[in-house]
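Chemist: after the sequence you'll find the predicted model.
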Amino acid sequence: MDEIVLATRNKHKIEEIKRLLRDLEIKIHSVSDFAHVPEVEEDGDTLEENAAKKARTVALGTKKWALADDTGLEVKHLNGEPGVYSARWAGPECSYKDNNRKMLRLMKGVPAKKRGAVFSTVIALSDPKGKIFCVKGTVKGHISDKMAGKNGFGYDPVFVVEKTGKTFAQMSLEAKNKISHRGRALVKAKKLIKAVIRGRG
């Protein structure tokens with residue numbers, strides 16, 4: 001059976017990715033299963049750089065195919081912030097709630113037409129020798145004026161998906177995966193996996 005290592009220790013991401021790749025019949029590991037693989041510093045200037053660095057490090061460390069993602073939320077009113085710094089925007093040891101509180105504080109009083117935002121996920125697939133393949137998924141929406149919903153993680157409670165009127169946190173995982181940035185990127189990644197790992201084109 002083909003194998004792939006997810007270059008993340010984030011349990012929420014692992015759950016989402018495994019669910020979306022389950023029909024591939026591929027054995028999926030987490031990097032947490034390989035104690036000798038070091039943590040990767042996400043110091044790239046773009047989502048692509050960070051995803052590629054994580055995938056390559058894990059692939060070379062495990063001698064297996066590796067998949068990594070990097071996600072960023074770009075808010076128009078904030079000149080594209082938090083962008084590549086989305087995960088640690090409120091500080092090095094910040095929580096999801098810390099980031100959301102900062103977002104709501106900075107967006108307080110901003111009119112609806114200026115609250116536009118785009119969520120993007122870049123997925124990098126690395127072969128065991130470090131060759132990288134990348135795909136990207138995006139979804140448009142806007143920043144809400146308060147946190148809403150109890151599902152999901154990250155900025156899900158404050159990101160209202162275009163044309164739905166709901167935040168990602170107000171959706172079931174199944175509904176979110178059908179339209180989310182990560183879900184869209186993983187649809188492309190599945191085709192990529194079939195093409196480059198299984199040679200199915």
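Modeler: It's in.

Chemist: for the rest of this, base every contact and every neighbour count on C-alpha atoms.
Modeler: Will do.

Chemist: shaky segments in this structure?
Modeler: 1, 198-201 (pLDDT under 70).

Chemist: for it, which segments are assigned as helices?
Modeler: For the chain, applying DSSP state H gives helices covering 11-21, 47-62, 96-106, 173-179, 181-196.

Chemist: nearest residue to the residue most central in space within the chain in space, ignoring adjacent ones along the chain?
Modeler: Nearest residue to the geometric centre of the chain (C-alpha atoms, centre = their mean): T71, 3.9 Å. Leaving out its chain neighbours, the residue that sits closest to T71 by C-alpha to C-alpha, 6 or more residues apart in numbering is T121, at 4.3 Å.

Chemist: neighbours around that neighbour, how many?
Modeler: Counted by other C-alpha atoms under 10 Å, the residues lying close to T121 total 25.

Chemist: list the contacts for it?
Modeler: L47, D69, D70, T71, G72, K136, G137, T138, H181, R182, A185 (C-alpha atoms under 8 Å, 6 or more residues apart in numbering).

Chemist: I figured G61 was touching V37, is that so?
Modeler: Yes: counting by C-alpha atoms under 8 Å, G61 touches V37, with 5.7 Å between them.

Chemist: got phi/psi on the residue sitting furthest away from the middle of the chain?
Modeler: Relative to the centre of the chain, and counting by C-alpha atoms, centre = their mean, the farthest-placed residue is G109 at 28.5 Å. When quoted as degrees, to the nearest 10, the phi and psi of G109 stand at phi 80, psi 0.

Chemist: now it: how far from I143?
Modeler: Distance, G109 to I143, by C-alpha to C-alpha, to the nearest Å: 12 Å.

Chemist: again with A59
Modeler: According to C-alpha to C-alpha, A59 and I143 sit 36 Å apart.

Chemist: same check, this time on E41
Modeler: Relative to I143, E41 is positioned 28 Å away (C-alpha to C-alpha).
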